[in-house]
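[1] quick one, fold the following:
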Amino acid sequence: MTLDQSWFSEPQPNSGSAFSLQITEKLHEEQSEFQKIEIFQTTHFGKLMVIDGYIMLTDRDNFIYHEMMSHPVLFTHPNPENVLIIGGGDCGTLREVLKHDSVKLAQQIDIDERVTRLSEIYFPALCDSNNDPRAELYFDDGIKWVKDAADDSYDIIIVDSTDPIGPGEVLFSTEFYRHCQRVLKPGGLLVQQSESPLLHLDSILMPMHQRLQQAGHTETLSFNFPQCVYPSGWWSCTVGGNTPLHQFREADAKNKTFPTLYYNAEIHKAAMALPEFMKK
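    As a prediction, this is how the structure comes out:
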């Protein structure tokens, strides 16, 4: 992290690039039990959350990420009732999941309670559904939670995780995907953020497909979407399951009963299209 002349910059040495946001003040800084959390006010992107020097979200564009991490997979499943979210401490993905009337239970497991409590203060709109009776928030080790979960427990698992660095690396392992496969009900789906197709295709994205398949998820599919505050501005999430993933409840998506800012049925279809260099 560098802070120079009222700019926050996140460099990406491996790609020789950086992304910067102009800031007006630092609103909060603390070292939790697990990580350093900072909140800034920016000039054009609203509030900014940074964890261990990496941009997590801003007011201006977080809706794209949260909607794409939730609605495509929920509309792909025929009737999602029980959802597990690993990570997601800012609660934006939880909010989107609970827009679906079919969902009866959404359990969110994030190891650091401070991320959620600070989100309630600085990003309250993301936490609108925290008191929904269908929501259960736990502050625990998500990897252990999945290992200890009973077979056939969930329709959907959403891994809203940090980058595959340090402790987060386990969330991208074949062993973890096997446990997810075990606790998913028949026809269940797993979705995980899968970094930038432009910068991380060979190092992260393609190995994810291979590990998911090795773990028993016979079908895999990546959704592409813009996310300007993340490296390269181009992001993805990847789904694993044992049912055709290109088919989704298109009529339900077109006639959804809740508002979105980015996701719709046309975006869903477009996000499945791959550029030529990813067809390998």
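[2] can you show me the strands along the chain?
    Assigned by DSSP state E, the chain shows strands spanning 2-4, 7-12, 17-31, 36-42, 47-51, 54-58, 82-87, 105-109, 135-138, 154-160, 184-193, 219-226, 234-241.
[3] closest to residue 174 out of those strands?
    strand 234-241 (11.3 Å; C-beta to C-beta). (C-beta placed from N, C-alpha, C; glycine too.)
[4] I'd like the strands of the chain laid out as a markdown table, including mean neighbour count.
    A markdown table is the format used below for the strands of the chain (neighbours: other C-beta atoms under 10 Å):
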| stretch | mean neighbour count |
| --- | --- |
| strand 2-4 | 10 |
| strand 7-12 | 16 |
| strand 17-31 | 13 |
| strand 36-42 | 19 |
| strand 47-51 | 21 |
| strand 54-58 | 21 |
| strand 82-87 | 24 |
| strand 105-109 | 22 |
| strand 135-138 | 16 |
| strand 154-160 | 26 |
| strand 184-193 | 22 |
| strand 219-226 | 19 |
| strand 234-241 | 23 |
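[5] I'd like those as a markdown table, with distance to residue 271 appended.
    Shown next, in a markdown table, are the strands of the chain (distance: least, C-beta to C-beta, whole Å):
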| stretch | distance to residue 271 |
| --- | --- |
| strand 2-4 | 33 |
| strand 7-12 | 23 |
| strand 17-31 | 22 |
| strand 36-42 | 27 |
| strand 47-51 | 25 |
| strand 54-58 | 20 |
| strand 82-87 | 20 |
| strand 105-109 | 23 |
| strand 135-138 | 26 |
| strand 154-160 | 16 |
| strand 184-193 | 12 |
| strand 219-226 | 4 |
| strand 234-241 | 9 |
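[6] among those, which comes closest to residue 145?
    Ranking these by proximity to residue 145 (C-beta to C-beta) places strand 105-109 first, at 4.7 Å.
[7] packing partners of that closest one?
    strand 82-87, helix 92-97, strand 135-138 (3 or more C-beta pairs under 8 Å, 6 or more residues apart in numbering; DSSP states H and E).
[8] got the contact list for that strand?
    Contacts with strand 105-109, where a contact means C-beta atoms under 8 Å, 6 or more residues apart in numbering, come from 81-89, 91, 94, 97-98, 132, 134-142, 145.
[9] if we can go back for a sec, turn the strands of the chain into JSON lines, columns for distance to residue 116 and mean pLDDT.
    Below are the strands of the chain laid out as JSON lines (distance: least, C-beta to C-beta, whole Å; pLDDT from 0 to 100):
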{"stretch": "strand 2-4", "distance to residue 116": "25", "mean pLDDT": "52"}
{"stretch": "strand 7-12", "distance to residue 116": "22", "mean pLDDT": "95"}
{"stretch": "strand 17-31", "distance to residue 116": "14", "mean pLDDT": "97"}
{"stretch": "strand 36-42", "distance to residue 116": "11", "mean pLDDT": "98"}
{"stretch": "strand 47-51", "distance to residue 116": "12", "mean pLDDT": "98"}
{"stretch": "strand 54-58", "distance to residue 116": "12", "mean pLDDT": "97"}
{"stretch": "strand 82-87", "distance to residue 116": "11", "mean pLDDT": "98"}
{"stretch": "strand 105-109", "distance to residue 116": "8", "mean pLDDT": "98"}
{"stretch": "strand 135-138", "distance to residue 116": "7", "mean pLDDT": "98"}
{"stretch": "strand 154-160", "distance to residue 116": "12", "mean pLDDT": "98"}
{"stretch": "strand 184-193", "distance to residue 116": "18", "mean pLDDT": "98"}
{"stretch": "strand 219-226", "distance to residue 116": "24", "mean pLDDT": "98"}
{"stretch": "strand 234-241", "distance to residue 116": "21", "mean pLDDT": "98"}
